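# here is my input, please return the structure:
(8 chains)
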8 protein chains.
Amino acid sequence: MDASTLRKIFQQVKSGRISPDDAVARLRHLPFEDLGFAKVDHHRRLRLGLPEVIFSKGKTPQQVAGIFKRMSKHGGNVLATKAEPEHFRAVKKVSGKAEYRELAQAIVLKQDKTRYGKGTVAVISAGTSDIPVAEEALVTAEAMGNDVAHLYDVGVAGIHRLLANKTVLEDARVVIVCAGMEGALPSVVGGLVGVPVIAVPTSIGYGAAFKGLAALLGMLNSCASNVSVVNIDNGFGAGYVASMINRL
Amino acid sequence: MDASTLRKIFQQVKSGRISPDDAVARLRHLPFEDLGFAKVDHHRRLRLGLPEVIFSKGKTPQQVAGIFKRMSKHGGNVLATKAEPEHFRAVKKVSGKAEYRELAQAIVLKQDKTRYGKGTVAVISAGTSDIPVAEEALVTAEAMGNDVAHLYDVGVAGIHRLLANKTVLEDARVVIVCAGMEGALPSVVGGLVGVPVIAVPTSIGYGAAFKGLAALLGMLNSCASNVSVVNIDNGFGAGYVASMINRL
Amino acid sequence: MDASTLRKIFQQVKSGRISPDDAVARLRHLPFEDLGFAKVDHHRRLRLGLPEVIFSKGKTPQQVAGIFKRMSKHGGNVLATKAEPEHFRAVKKVSGKAEYRELAQAIVLKQDKTRYGKGTVAVISAGTSDIPVAEEALVTAEAMGNDVAHLYDVGVAGIHRLLANKTVLEDARVVIVCAGMEGALPSVVGGLVGVPVIAVPTSIGYGAAFKGLAALLGMLNSCASNVSVVNIDNGFGAGYVASMINRL
Amino acid sequence: MDASTLRKIFQQVKSGRISPDDAVARLRHLPFEDLGFAKVDHHRRLRLGLPEVIFSKGKTPQQVAGIFKRMSKHGGNVLATKAEPEHFRAVKKVSGKAEYRELAQAIVLKQDKTRYGKGTVAVISAGTSDIPVAEEALVTAEAMGNDVAHLYDVGVAGIHRLLANKTVLEDARVVIVCAGMEGALPSVVGGLVGVPVIAVPTSIGYGAAFKGLAALLGMLNSCASNVSVVNIDNGFGAGYVASMINRL
Amino acid sequence: MDASTLRKIFQQVKSGRISPDDAVARLRHLPFEDLGFAKVDHHRRLRLGLPEVIFSKGKTPQQVAGIFKRMSKHGGNVLATKAEPEHFRAVKKVSGKAEYRELAQAIVLKQDKTRYGKGTVAVISAGTSDIPVAEEALVTAEAMGNDVAHLYDVGVAGIHRLLANKTVLEDARVVIVCAGMEGALPSVVGGLVGVPVIAVPTSIGYGAAFKGLAALLGMLNSCASNVSVVNIDNGFGAGYVASMINRL
Amino acid sequence: MDASTLRKIFQQVKSGRISPDDAVARLRHLPFEDLGFAKVDHHRRLRLGLPEVIFSKGKTPQQVAGIFKRMSKHGGNVLATKAEPEHFRAVKKVSGKAEYRELAQAIVLKQDKTRYGKGTVAVISAGTSDIPVAEEALVTAEAMGNDVAHLYDVGVAGIHRLLANKTVLEDARVVIVCAGMEGALPSVVGGLVGVPVIAVPTSIGYGAAFKGLAALLGMLNSCASNVSVVNIDNGFGAGYVASMINRL
Amino acid sequence: MDASTLRKIFQQVKSGRISPDDAVARLRHLPFEDLGFAKVDHHRRLRLGLPEVIFSKGKTPQQVAGIFKRMSKHGGNVLATKAEPEHFRAVKKVSGKAEYRELAQAIVLKQDKTRYGKGTVAVISAGTSDIPVAEEALVTAEAMGNDVAHLYDVGVAGIHRLLANKTVLEDARVVIVCAGMEGALPSVVGGLVGVPVIAVPTSIGYGAAFKGLAALLGMLNSCASNVSVVNIDNGFGAGYVASMINRL
Amino acid sequence: MDASTLRKIFQQVKSGRISPDDAVARLRHLPFEDLGFAKVDHHRRLRLGLPEVIFSKGKTPQQVAGIFKRMSKHGGNVLATKAEPEHFRAVKKVSGKAEYRELAQAIVLKQDKTRYGKGTVAVISAGTSDIPVAEEALVTAEAMGNDVAHLYDVGVAGIHRLLANKTVLEDARVVIVCAGMEGALPSVVGGLVGVPVIAVPTSIGYGAAFKGLAALLGMLNSCASNVSVVNIDNGFGAGYVASMINRL
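Below is the predicted model of the structure:
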């Protein structure tokens, strides 16, 4: 039941062709969703400044480029994660202002420059191998209109490096911590700051790291109470959650 | 927005106080769920002959009895699963016609004697230890208005016993198979019948049975294509799914 | 002991060469299976309108084509799942009417157009990545003589899209729901319909999705009682079970 | 090296007894932690309005009462989680204003009535069995100075109940969702709101629920991007993270 | 179709009332299992000297005693495993010659003293805690008519003790090895003997022993090729398999 | 201390140069293993008719050929498992009588034609995909001097095919059963025969088959007591254990 | 073959009754272990100052007391781990000088006061709940003749407390770190010290701690290279390994 | 705050521009880590003779060569693990004295020839396939200034080979044991020696070896008390821990 259908009922009521009681009955038997709710959803992302997002893995460069082009027409930011250079080359042809963030394996088109976030989102990573995930989080936060800062390669076995750069932590409104192997860094960071910490386990490691499971379990059992966790290697999710928080 | 609110809008339209267009706009901003959907849900179970169900584990006898009493007022069948004798004693006081099905650990009140199922639901179990789960499935199917049959202790290591009683299988419109340990029986049964088979892994076994995991995995990997699976020890779920099928 | 052997015994009894008692004894020591049961099995699939099925993975195009050709001679439908374009090219040469269903990665030869199913089998998928599994289920249901409908990309995080298309669900006699990641869709669908729901976990997702394990566990623990589950990515199995149900 | 030691060095520098260079050298060889950092930590909780927390499980009533008494002297709120009635009776004797929140199994002493949270923290639970975990989250949020709201028993199999109460969600600044079994609710809620969602898997369920593992995996794989997760049954953690967010 | 039914058909053939061809047809449509196969199964155990076995766990003393009494009437040996002293007291009343093997937690009634095994079955255990499982294997082998020998507490960390008693191994026709923790003993034993080794993982250990899983995996990966494995704590199964082998 | 060293001591004792007591002391401080035990091991395989075995995976064709050549000089049978055609081509050049068993992916050189096994080893497989593992078991049993028989593609979902070929089972002294997916076949076979059954889980299957884990767990929990299990895909191990048994 | 047997052979050689060659042959066929190796093992513990150890769990007070008494006669230290007060009361009666270390749940009898360790073994624990395991490690190290130091409740979420007590770490020759939950402490400690770190995961935690699995995996994946790990809750093992190291 | 900053404060105090109290306050608010701690860390590796280490996997030859060159300038030893021949070719160009240890897949540059270890580190491996991991341990120990010895292919199924070479074990101050499959060797070795044993599970094996999990669990449950464990395939870690111990 779209608007015109609905209007027709009201006009019939107005003209006396059907009684209010009949109209009530008829309305109740119509699927509510035809009332136009779907369309609200259609424009919601844009209105909220949420970027359009494409998960590139398993899609051909042509597919990604096609979706990217269509999405870029809405005027908001567009983000393609897990994108290979081939994906970018295809996208570049249809969307000349798109940029490739190599470390993050992400393609970004910034059309909406609004600052939606109130403070800074800091992204911390334990090892150099965790940087791709950290960068994905960082790019996501940027695409969602946040100031960002980062601090990489500050794992717990060299705790001094982290402590020596505490300023980055202290200035952040939300902190994202990416770590593989034993995943201990979020607990340490959580103990140092008084803001929410989003922990991202990475699949870095081997053997009993079990592709991120060790880090995931470690983070879920963090002894720091201000830590919550997203899926293994889910830098995008962490950036998204952090952005949601930073808008409050 | 309940019916009276809705009626009021229509009356305002009728009386010309608001235009059809305004009414459309106002309606669209009202939460659809106030249109009375919730109440539909309220009566749906009864209308469909679905029993009210109480999961007794972790509830006191008094709690079960209280819920049982309230539910029995709707006039449909009431089923309390995983019920201990203490639960039954409490229920008996408030609902004199309730019966205790000891093997199934279930309390049943049959108020609706309609035959909703078109054929017979057969319940098969591999070992004697699987019988409680099998009986829960059987009692559920009965409470949902099905003819039932059963065949117990026909595990695959003594395949002759199963073959010697093939008639029970051949007469069924849906077959439920309960098995613990290696959970192989559903595959064998699935190969013998041409109707849907609902497999129920049970937590019977020890060591590498891992509380039903071995049986569960076995059933999910069944080489018989007409087999689908419910949760470990979920006799109720199997009886419910089978009843749904038998009504078609 | 084939029919002729059996006949010989009876003729010996008739002619008095052996007594009925001796015949009984002799029969009992003969393997029952020689009574021709195997042959019943041989023709059963055809008689029931069940398609011949080939699992193409791990087979060469020549092997699949060879089996396909042999099977197509029985006059029933033939279905090759998990088939690559190379498989199809080889099959096409030996069975000109075979069609390739690309999304489903399936080759189908429809020789038997009988409608075996009484109602419609609806196939629902949560995300676009789940479509291959959903299509495999759909093609299977078609090959087994069912009317089918589908509804794709209606995941639980955008519940409005599902609700807006409830008609597909309401018109179905059996519903198949394919979902990866958290596998939540079957529970929501199960709560909306009053017919059996077959849930298919897909291996879509990464990290803690553990190749479909998260979705599988989610579906086995569904809070909707009319849900049963098949193996991860087992679109064929879901289509088969749904067809079995739809014939009842 | 406490403040007095430090002052002594400076006085020696001032009086010329040691040169600035010697002072630098001496300082560098002293453990930094004696500079009084530990004491900052000592008062930090109080200054930030963070409650003192006791995990009662595995502690005797006397132990809990003793710690509770000592902690209550700092003037802040005190929270004892997983507390049995015996624990409360012992606490009540030493801290007359402490209250027992039975559903949450928590003892609370509210001495600091400051509103630290800017908006409302909404706590949602899927089933009635999830309520204890939900209540722990709620009590924690209250003890940390937040306005709270709750909505219980709105599981995904009856999606109408959730939709019918969407207002609670829409009014919240942070949402906590507790669910066992398949853990699907956070995805649905995440799709309905534009604020951060903290998901808490509960150990409710049996069989393949594996004591909360199914729900945990489901939540980590949520298709809603604004969801992050805490440990199984960790209502406290969820309340804490939500409070951290709500203060921003 | 029992013998009399069958005889009737043959008599009708003999008397010419039905033709041999009709008889063939009728026979083929009768369930083969009525040909009396089931009864073969009924007496098979006794004829082969296989003991009747009762798994006592989860059964009341009265239940075990009842089954024990009934089984003992067949004249063969009767074995009740996982039996508590209460079980034995109840059995003793109905079967005066039954003995309780305390270490093995088994009740044995030896009525058939035939030596079915050709050589000796040796049972080896790694630690003293593994002895109950080892004894269950030993009692089973005895009840199945084998000469037995044992060697306990010869774990791999004190390899000298095993080597110092190599004679027991060298004299055995089949060797059963029970070990918990790392489950390494079967590999060492397998390397020392030239006969089949049945490995039994036990649930002895803690932490990462995961209730026998570590030992089970160790044994399945044994680098000794003459090792096969039974379920965790399945002393009975090991004794049974060893007896089967020793009869050859 | 080899024989000559030992002899020297005895000669010194004989000649009176050292006293018996000194000799005892000296002997006790010598490593026992120099007494020539190692050499016993060296010739043991040959004396017992055990084949030399090479695990080809991860070795280059040249490496396999080199080892094969060296081993073939001892005069016994040589078996290279998991061998690719390239491996065979290299082996063929250095050992012209070696044969390639394609299905089993094994290279065999039969130099010792002794019949070590007393009866027949039967190898059964559930599906056609399990045949490589079954063939490895079969080739191993042959190379170890056993008569062999096989029965393939007799899975439990078509139990008739197995029953129709029961003779193969009845004639065997040991039975090897290979099955993937749910791994149910060993239980059924175990119930039909009165000899030891060696179960081999295969990694055939997908999704919840978890690369053979489902089959492995199923077999460990077999309700047939005469079943023991070897590692996933370990056809060689099964053939070895069966050969050990068949020699008794 | 004990010393006297051996001497006899030599005497026969001396007296010429057997030739050196015959002696060599006879010796080679005797089991080497009779050469007295076993006895070496018998006294080895004592000579090395290794304590006799009893694992009390699952043993009655009488059993523990009996073993304790027998062991104490050798003159070395005796240690009973996982001992309840009842165990101690029984031991006290037979060994008046035995002491009960309540926190460690250990009974110790110190008869050998030698300092076997060259430096100090430091035991660190993350939380107060980890103290029992830490104390077991500490008591073990003491019983094996080491100077010990400890530092408890210095978890990574409050890294300042650890840093503020770095002296304990710096003075140690070996460090044992006990931690449950995320098990992150060993990595931090490993980064601070230049000596071997023995990590002990504890079963402290709930939910996704999976009884110590999370901590175990974390420690195995430690990014500090000087960390090795023992079993969950294995305080004894850690104390033992540390003592071995400290003796070097 | 580096040294010059610090000196400035002291000079200000000296000159009276700021009071000692102000200096104390200012110091306390400065991050301690600026006191130069980081630099201590900078030179620590070199001073302790610890090699610089590069994990080559996932890095390009150019990257490894670049890091290698930079690190070699510090004058210490440089070790690149998991290095392919391509990595070595690139390194060779920038560091002519670097050597490739093929079996260990390691590149080593020995610039510091100091003997840091006091005794010998022995490396033992169970099978030939475990040698790469064993060699990595060995090369690491060498690069850290230890005398090394090794003993390969002495698995537990041929225990004689190990016993025949016991001298290598007896001469070692620390023993590293590498084993895949069932991982039993460390227990046997641990029982033979009186020094610390570092166990390294390898990912060698198939099926239920689960890529080293079986070996890992076996080693964690070792019945020899002097065994501690590092991650699967972590030869480097074992060599590092052993070196740490051997320096004491």
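# can I get the CA coordinates of stretch A:125-141 in CSV?
Taking Å, rounded to 0.1, in the frame of the first residue of the first chain, the C-alpha atoms of stretch A:125-141 are listed here in CSV:
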residue,chain,number,x,y,z
SER,A,125,48.1,-1.9,16.7
ALA,A,126,50.3,-4.4,18.5
GLY,A,127,52.6,-5.5,15.6
THR,A,128,53.4,-4.3,12.2
SER,A,129,51.5,-7.3,10.7
ASP,A,130,48.3,-6.0,12.3
ILE,A,131,48.6,-2.7,10.4
PRO,A,132,46.3,-3.7,7.5
VAL,A,133,43.4,-4.3,9.9
ALA,A,134,44.2,-1.2,11.9
GLU,A,135,44.3,0.9,8.7
GLU,A,136,40.9,-0.5,7.6
ALA,A,137,39.5,0.7,10.9
LEU,A,138,41.2,4.1,10.5
VAL,A,139,40.0,4.6,6.9
THR,A,140,36.5,3.6,8.0
ALA,A,141,36.5,6.1,10.8
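# for chain A, give me the ranges with low pLDDT.
Counting by pLDDT under 70, chain A has low-confidence residues at A:1-6, A:24-47.
# which residue ranges of chain A form helices?
For chain A, helices defined by DSSP state H occupy the ranges A:3-14, A:20-28, A:37-48, A:61-72, A:85-94, A:131-143, A:159-163, A:166-170, A:185-192, A:213-220, A:235-247.
# which of those sits most buried?
Each of the helices of chain A was scored by mean neighbour count; the highest is helix A:213-220, a mean of 31, by mean count of other Cβ atoms under 10 Å in any protein chain shown. C-beta coordinates here come from the backbone N, C-alpha and C atoms, glycine included.
# which other residues reach it?
The list of residues contacting helix A:213-220 from outside it, by Cβ atoms under 8 Å, 6 or more residues apart in numbering or on different chains, reads A:179-184, A:186-187, A:199, A:201-202, A:204-205, A:208-209, A:227, A:229, A:232, C:207-208, D:216, D:220, D:229-232, G:182-184, G:207-210, G:213-215, G:217-218, G:220-221.
# okay, angle between that helix and helix A:185-192 too, please.
Taking axes from the mean of the first three to the mean of the last three Cα atoms, to 10 degrees, one finds helix A:213-220 and helix A:185-192 inclined to each other by 20 degrees.
# roughly how far out does helix A:213-220 sit from the chain middle?
Using Cα atoms, centre = their mean, to the nearest Å, we find the averaged C-alpha position of helix A:213-220 to lie 21 Å away from the chain's own average C-alpha position.
# mind putting the helices of chain A into TSV with distance to H:L103?
TSV is the format used below for the helices of chain A (distance: least, Cβ to Cβ, whole Å):
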stretch	distance to H:L103
helix A:3-14	76
helix A:20-28	78
helix A:37-48	56
helix A:61-72	42
helix A:85-94	36
helix A:131-143	32
helix A:159-163	35
helix A:166-170	44
helix A:185-192	35
helix A:213-220	28
helix A:235-247	38
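# contact residues of chain A facing chain D?
Within chain A, the positions near chain D by Cβ under 8 Å from any Cβ of the partner chain are A:44, A:48, A:53, A:118-119, A:173-174, A:194-196, A:198, A:216, A:220-221, A:225-232, A:236-238, A:240-241, A:244-246, A:248.
# from G:H160, how far off is A:N221?
Using Cβ to Cβ, to the nearest Å, we find A:N221 at a distance of 21 Å from G:H160.
# ok, now A:K166?
Taken as Cβ to Cβ, the span from A:K166 to G:H160 is 12 Å.
# excluding covalently adjacent residues, which one is nearest to the closest residue to chain H within chain A?
As assessed by Cβ to the nearest Cβ, chain H sits closest to A:G207 within chain A, at 2.9 Å. With Cβ to Cβ, 6 or more residues apart in numbering or on different chains as the measure, H:I232 is the residue that lies nearest to A:G207, at 2.9 Å, once sequence neighbours are left out.
# wait, what's in contact with whichever residue of chain A sits closest to chain E?
Nearest to chain E in chain A, going by Cβ to the nearest Cβ, is A:A208, at a distance of 10.6 Å. Neighbouring residues of A:A208 by Cβ under 8 Å, 6+ apart: A:A214, G:L217, G:L220, G:N221, H:G212, H:L213, H:L216, H:N231, H:I232.
# at 6 Å instead, please
Taking Cβ atoms under 6 Å, 6 or more residues apart in numbering or on different chains as the criterion, A:A208 is in contact with G:L217, G:L220, G:N221, H:N231, H:I232.
# same thing with A:P201?
A:G183, A:G212, A:A215, A:L216, A:M219, A:I232.
# could you do A:S125 as well?
Counting by Cβ under 6 Å, 6+ apart, A:S125 touches A:I131, A:A134, A:Y152, A:C178.
# need these in CSV with distance to chain B, can you?
Supplementary listing: these in CSV, determined by distance: Cβ to the nearest Cβ, whole Å:
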residue, distance to chain B
A:I131, 38
A:A134, 36
A:Y152, 41
A:C178, 33
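# which two from those end up farthest apart in space?
By the measure Cβ to Cβ, A:Y152 and A:C178 form the most distant pair in these, at 8.9 Å.
# compare the two (neighbour count), which wins?
Counting neighbours by other Cβ atoms under 10 Å in any protein chain shown for A:Y152 and for A:C178 shows that A:C178 has the greater number, 35 against 17.
# hey, what's the more buried one bridged with?
A:C178 forms beta bridges with A:S125, A:V200, as assigned by DSSP bridges.
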